[in-house]
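1. pasting the sequence and the predicted model now:
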Amino acid sequence: MKPRTLAMIPVALLLALCAPAFAGGNGADAVHHQLQVRLDPAGHTLGVIETVTLPERYVLSASDGIQFLLHSGLAPESATEGVVLEAVPGPPDPAAFGLDEKNQEVPESDQVSVYRLTAEAGGALPAVIRLSYGGVIHHPLEESGEEYAQSFSQTPGTIQEDGVFLSGSTYWYPWFGYDMVTFGLEVTKPAGWNVLSEGTRIADESDRVHWESDSPVDEIHICAGPFTVYEDQAGSVATYAYLRTPDEALARKYLDTTASYLEMYRVLLGRYPYEKFALVENFWETGYGMPSFTLLGPKIIRFPFILHSSYPHEILHNWWGNGVFVEYETGNWCEGLTAYLADHLIKEQRGQGAAYRRDQLQKYADYVSGDEDFPLTAFRSRHSGATQAVGYGKTAMMFHMLRMELGDDTFTAGLRKLYKDNAFRRASFEDVQTAFEGAAGRDMGSFFDAWVRRTGAPVLAIESAEASSIGGSGLHLVLRQIQDGEPFPLLVPVAITIEGSDQAVLVNLAMSGKVLDQTIPLSGTPVRVQVDPEFDLFRRLDRREIPPSLGQAFGAEQVTLVLPSGASPAVLKGYRELAESWSGSQGGSVDTVLDTDLDGIPVDRAVWVLGWDNRFLPAVSDGVGMYGADLAVDGLVHGDDRLSRSDRSVVVAMGNPANPDMAVAFLGADNVAAMPGLGRKLPHYGKYGYLGFEGDEPSNMYKGSWSAVGSPMDAVTGDPGGERPEAGARPARQALATLPPVFSEKAMREHVELLAADELEGRGCGSPGLEQAAAYIESRFGTLGLMPGAGSGSYRMPWTAKCGPDAVATGQVNLLGALPGGNPKYDGESVVVVAHYDHLGRGWPMGHVDDQGQIYNGADDNASGVAVMLELARVVAAGPRPERTILFLAVSGEESGLQGSMEYVRNPAKWPVNKIIGVLNIDTVGRLEGRPVLVLGAGSADEWRHIVFGADYVTGVKAKSVTDDLGASDQKPFLEAGVPAVQFFSGPHLDYHRAGDDPEKLDYAGMVKAAAFIKEFVEYLAARETPMTSQLQGAAGKDRLAKPAPPSGRRVSLGTVPDFTWEGEGLRVTGTVPGSPAAAAGLQEGDILVELAGESVDGLKGLSGILKTLKPGDTVALAWLRDGERHEAEVVLKAR
């Protein structure tokens, strides 16, 4: 019986596994075990009474008896009259189990004994045999160190007071061979415990539980412990979460995620093969997958990224590996297929499919040399970097190329046929081939021969790429496969940029020989050619196509670690201990030297340069400079990001300048306490080119990959020394399948179209349209089941505002809906989600001079924020009761000086301001359009950046932390009252505070992404045990809020579009408003504004402050930097 281990996890974890549907396996061919089990955890024992039913072929061929294996700690006896049970000395004989010695291994272990069943006096054995056995099973956990740096502690099986884990590899029930089994399992359990196995739960009583599996499986598990069980239903499938520590919120996350992925895979592949799926929390760190459940460790299940990385992989294994099982002796196809339809698909859904495929090709280049390569038919399981790169990576790429050749519809039909024809039976690569040939209606032998049964990979080279005028415009392209041996059949994707076009022409060229020589007709002159730009082909990459990564250093056969002789004794000692740990745990030859022992960086091996005081730091700095990074003695600067040596550990990788095939990596860490953790963690970050860590643990807070430079698969057709033409854009691909959306794009659009309709006339201060908006939000709060938060059963919190140029006192309302928290220790505490619903009406108080008298509908500002808030409230209200109260606050008066939020801070009703754990202000989130969500004010508490980082990873929604708060929205009054607060913002645009801010211009799909991202913040804050670590100094409280701020003191506009993420000197601009003073002066995207009217510009706040002192018609001096060079001009300011 093959043990199952789970799919890969990034970081210090691992989740893996692999092997029915409906035309496949037949229970009549399986051995049936009817088991009655009694567990004694304190004594590490079990007792079993079993009735085993053997298939007819066993009985007919049993003249010499039938042998089986059983755990050596168990003492079996025959309870069937006329059946003799005897021990067989020595190791098991493969022939006795009907095994092919060349391809099938018989289990050998000193923990397993061989027994024979025979009939008395040589008669025939009955088909039904009753046995009894019992004894001790207690194997302590052992570390499983693997050179590819992904391992868990493991045991073949154990019964102990912490819990019980028994699998096929325990041999706790008789093993007759590699036959599938069906079973009935009744377990007498200790008080307060529960028990889980494959199949369907028939009964669950206080002292016993009964599971049955009529569908064949390849082994039987018993997982038992003191579980709290949470249940739900996902269509026809019962879903469970078995947790060792009660946690309703965590259970709900898993149950909801399970339902989403079960539905996605049902649509893609066909009906889920079992009646249940369960998440089970183990009592040590594991990542195991079994038919109908997964067994994960207590830390693993609490990593938020698991829900949308490794967990879907385990769900999918119920189709591949635990639904259609694997005929291992002919090759394990299921790990690669599961990786493709889970890991790759999730990346594809997030627009990162090409990066995932490049990572797989990079692993192949890093870990698989010629003598380590093998065909897919030889892959059984992963035990090294090479077996992972081939068995997972190459197999996944094989399925991707199959998809590219057949098209999505035929590929999906092939998947469904593979499942339908082979469910509940073992399938081989030949079965995979048969299924896809059936779907495609053609022979695919050459494809499967090349990619499944053959070793190696093609190496592509562009021999020539020239513009052709024969028969009109075209491209004459010559490609060559330059690897040794026979050619591989390829369908080569080529992207061609035509002069004057910003869109690439895409063609797929069939290549069956070593050379492809083809002229491609085009509508214009080709200027740039990219071969396989999205890494759709499995091939051995040229090193120039691969961004340097830590994996190249960890995967090298020879590694030199260079210590900093100039470091302090404590730091040098820390590096020595780290080097010793790597010397003992990494594959290959590792040696350690001082930097003074070398004249230069070695060129024939991978090199680690350790320490900020290493004399080779300048060489590393030069190397990473080509990627736009600056590494100096005080830290790393990469784009807008700065990692200071004083509080960060920094890691970068680069190619060796003298030998690009070898990697050079740098680690700078002055925090000695962090070094042991860095030593353990860094091998798990092999795909990254740069990393940042903080703290003693340490925690990863920054990571990414460099861009490849100088790819030989990217050619220009003109003068190679001339300026490189910009590559034409390639259309985004549709993912093979998509998750059912949690948030409704349709609902958000409806909210915006109502709030931003002309009939509401811009929701101006004190207007009838503003009251209509308030009534709509009030109605929605009620429909969503939010508790009225204003007292007296009302959502309305009335107050008085001064509206219009004459400051007329006008009645206003804030609206407050609550989801009460369920944990009494957080009584009075709240998370506040706020969005303002007012806008500028017909232009007061900040209308644009060119839009006077027009309606400012304010679709983005801020109907978008209200729409996202309402959808958040709907989704969160439908979940479990939060630990801490969540308040949804819709305020008016934002445009007239943040009056509504200031009023709430002065008079917060039931939930005091000083007990707010954090404020999430959603203001202007409707124009994401592929840009990152900006989180403004992230410097108000230490935790914000970590939450941003985690939410980005979990949701796949790109985000950017901005330390400073601009003081321009409703988070400001809370910040002034000492409450950590942030604003979510999709970025500036030319319709901001203009009459053109209309509903049809919004990115509603982007709003769905923003909602998913913000939901992570809401759930984190609602469950956080301690207050945020505030960085607010001298918060003044209510005295600073006595008077509302003036709407704006600015009368003029410069016309710059600011980069809100810029944290350097001055203010970087991302563009200019057409016809504006800035446009007239010639400012361009990327320029850094440093002076205006004789004053230094200190960020966006500083620029706003200067503009408030100026008036329309003023002529002022302007200075900016472009590529480090200072430029100056005079401009005449215009009215806003």
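-> All right, it came through fine. Residues are numbered from 1 along each chain as shown.
2. alpha carbons of the one helix or strand Leu578 maps to, as CSV, please.
-> If you go by DSSP states H and E, Leu578 is part of helix 569-585. Extracted in CSV, the C-alpha atoms of helix 569-585 (Å, rounded to 0.1, in the frame of the first residue of the first chain):
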residue,chain,number,x,y,z
PRO,A,569,32.3,38.4,16.3
ALA,A,570,28.7,37.8,17.2
VAL,A,571,27.5,38.3,13.6
LEU,A,572,30.3,36.2,12.2
LYS,A,573,29.5,33.4,14.6
GLY,A,574,25.9,33.5,13.5
TYR,A,575,26.9,33.2,9.9
ARG,A,576,29.2,30.3,10.7
GLU,A,577,26.4,28.4,12.4
LEU,A,578,24.1,29.1,9.5
ALA,A,579,26.7,27.8,7.1
GLU,A,580,27.2,24.7,9.2
SER,A,581,23.4,24.0,9.1
TRP,A,582,23.3,24.3,5.3
SER,A,583,26.4,22.1,4.9
GLY,A,584,24.6,19.3,6.7
SER,A,585,21.2,19.7,5.1
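3. quick one: contacts of that helix?
-> Residues outside helix 569-585 that contact it (CB atoms under 8 Å, 6 or more residues apart in numbering) are 145, 149, 559, 561, 563-565, 567, 590-592, 610-611, 613, 669-670, 672, 675-676, 678-680, 683. To be clear about C-beta, it is placed using only N, CA and C from the backbone, and glycine gets the same treatment.
4. now do stretch 107-120
-> In contact with stretch 107-120 (CB under 8 Å, 6+ apart) are residues 1, 62, 64-73, 76, 78, 82-92, 125-126, 129, 139, 156, 171, 174-175.
5. pull out the buried members of these.
-> Burial by neighbour count, judged by 16 or more other CB atoms under 10 Å, picks out 1, 62, 65-73, 76, 78, 83, 85, 88, 92, 125-126, 129, 139, 156, 171, 174-175 from the contacts of stretch 107-120.
6. longest helix of this structure?
-> For the chain, the helix with the greatest residue count under DSSP state H is helix 248-269.
7. for it, name the packing helices and strands.
-> Contact here means 3 or more CB pairs under 8 Å, 6 or more residues apart in numbering; DSSP states H and E; on that basis helix 248-269 packs against strand 228-234, strand 237-243, strand 276-281, helix 310-316, helix 408-422.
8. any buried residues in the longest one, and which?
-> For helix 408-422, burial by neighbour count (16+ other CB under 10 Å) applies to 410-422.
9. now the helices for the stretch 451-600 of the chain?
-> Ranges of helices in the stretch 451-600 of the chain, per DSSP state H, counting those that start in this stretch, are 550-554, 569-585.
10. equivalent analysis for the stretch 301-450 of the chain, please.
-> All helices of the stretch 301-450 of the chain, identified by DSSP H, counting those that start in this stretch, fall at 310-316, 334-339, 345-349, 353-367, 385-388, 395-406, 408-422, 429-440, 445-451.
11. from the rest of the structure, what touches the fourth one?
-> This means helix 353-367. Against helix 353-367 from outside (CB under 8 Å, 6+ apart): 148, 343-344, 347-348, 384-386, 388-390, 392-394, 396-397, 400, 457, 533-536, 538-541, 543, 545-546, 549, 551-552, 555, 686-687, 705, 733, 735.
12. filter these to the buried ones?
-> Neighbour-count burial (16+ other CB under 10 Å) is assigned, among the contacts of helix 353-367, to 148, 343-344, 347-348, 384-386, 388-390, 392-394, 396-397, 400, 457, 533-536, 538-541, 543, 545-546, 549, 551-552, 555, 686-687, 705, 735.
13. how about Val831: what's its closest non-neighbour residue?
-> Nearest non-adjacent residue to Val831, counting by CB to CB, 6 or more residues apart in numbering: Leu1021, 4.4 Å away.
14. test my guess that the one you found contacts Gly918.
-> Yes: counting by CB atoms under 8 Å, Leu1021 does reach Gly918; the two are 4.8 Å apart.
15. so what sits against both of these two?
-> By CB under 8 Å, 6+ apart, Leu1021 and Gly918 have these common neighbours: Val831.
16. pull the most distant pair out of the buried residues of helix 408-422.
-> Across these, the longest distance by CB to CB is 18.3 Å; it joins Thr410 and Asn422.
17. any idea how many residues pack against Ala818?
-> The number of residues packed near Ala818 is 21, by other CB atoms under 10 Å.
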